[in-house]
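S.K.: I need the structure of the sequence given here:
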Amino acid sequence: MNIEMDLRNRIAELEAENTALRQRLRSLEPLAGVTAEAYVAELVGGTLTPGLAPHDITGSGGTKFEVKFSRLNIPMKNSSCRRWSWGHPLGFGGAKTFDHLILVAEPDPRFGTVYHDPRSPYVFFAIPFESISTVMRKEPLIQITTNPNRAHGRTAKLMFDQYYVTSDELRKRHNAT
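M.R.: The predicted structure is shown next:
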């Protein structure tokens, strides 16, 4: 009986340590958004813009892109639900000017086989500027589930049906070189 209790306690300790180590690793990756921008710039054959420019990338054909990155978010502790959230897609106060919003998301490993490109390091959504209001909530936020099979809400359904693209599709659509 004591051995079983000792094992349960040790498992709980190891799980807590694992969680703490994962959080520490994430804090060591503050440049994930910058890395995603560089990856998109490569896909579209564009160049990154400096600092406070009104968009992140200028494509080879002159198209302007804004890139937003989201990690997997857990909305409630102990929930199996995961979601992506992208804040201020138009910039603070709507100061951004661009042609396409590229939302980049950390894939949810549970749905790797469901995503169109299971080997991609990211999941992408390409939204024309004029369509952003159709997926943005009242507050400056876009938020959807990570599970394409459970995309029943208006925004998630629209995102996965109309704006979900693979890296190859981004390259073909926007890389003029």
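S.K.: and the most centrally placed residue in the chain, bridged to which residues?
M.R.: For the chain, the residue nearest the mean C-alpha position is residue 105 (1.8 Å; C-alpha atoms, centre = their mean). In this entry, residue 105 is beta-bridged to residue 70, residue 123, by DSSP bridges.
S.K.: Residue 13 falls within a helix, correct?
M.R.: Yes: under DSSP: H, G, I helix; E, B strand; the rest coil, residue 13 sits within a helix.
S.K.: What's the local residue count around it?
M.R.: If you count neighbours by other C-beta atoms under 10 Å, residue 13 ends up with 10. Where you see a C-beta, it was placed from the backbone N, CA and C, and this is true even at glycine.
S.K.: try residue 79
M.R.: 9.
S.K.: can you check the one 3 residues further on too?
M.R.: The tally of other residues near residue 82 (other C-beta under 10 Å) stands at 18.
S.K.: Would you mind confirming that it makes contact with residue 146?
M.R.: Yes: contact criterion C-beta atoms under 8 Å: residue 82 and residue 146 qualify, at 4.4 Å.
S.K.: any common contacting residues for the two?
M.R.: Counting by C-beta atoms under 8 Å, 6 or more residues apart in numbering, the contacts common to residue 82 and residue 146 are 72, 108, 110.
S.K.: Compare the residues you listed and tell me which has the most neighbours.
M.R.: residue 108 (18 neighbours).
S.K.: show me the contacts for it.
M.R.: 72, 82, 146-147.
S.K.: got the phi/psi numbers for it?
M.R.: Here is the backbone geometry of residue 108 (degrees, to the nearest 10): phi -90, psi 110.
S.K.: Now do the buried residues in stretch 55-72.
M.R.: Under the neighbour-count criterion of 16 or more other C-beta atoms under 10 Å, stretch 55-72 has 55-59, 63-70 buried.
S.K.: how about the residue nearest to the centre of the chain, what does it touch?
M.R.: 69-70, 72, 84, 122-125, 146.
S.K.: my guess is residue 136 is in a helix, correct?
M.R.: No: under the criterion used here (three-state DSSP), residue 136 is coil, not part of a helix.
S.K.: Could you report the distance from it to residue 162?
M.R.: 14 Å (C-beta to C-beta, to the nearest Å).
S.K.: Could you check which of those two is surrounded by more residues?
M.R.: When residue 136 and residue 162 are compared for neighbours, residue 136 comes out ahead with 19 against 15, by other C-beta under 10 Å.
S.K.: distance of the closest residue to the more buried one other than its chain neighbours from residue 86?
M.R.: Counting by C-beta to C-beta, 6 or more residues apart in numbering, residue 136 lies nearest to residue 142, which is 5.4 Å off, once chain neighbours are set aside. According to C-beta to C-beta, residue 142 and residue 86 sit 5 Å apart.
S.K.: Spit out the residues that contact those two alike.
M.R.: Joint contacts of residue 142 and residue 86 (C-beta under 8 Å, 6+ apart) are 68, 103.
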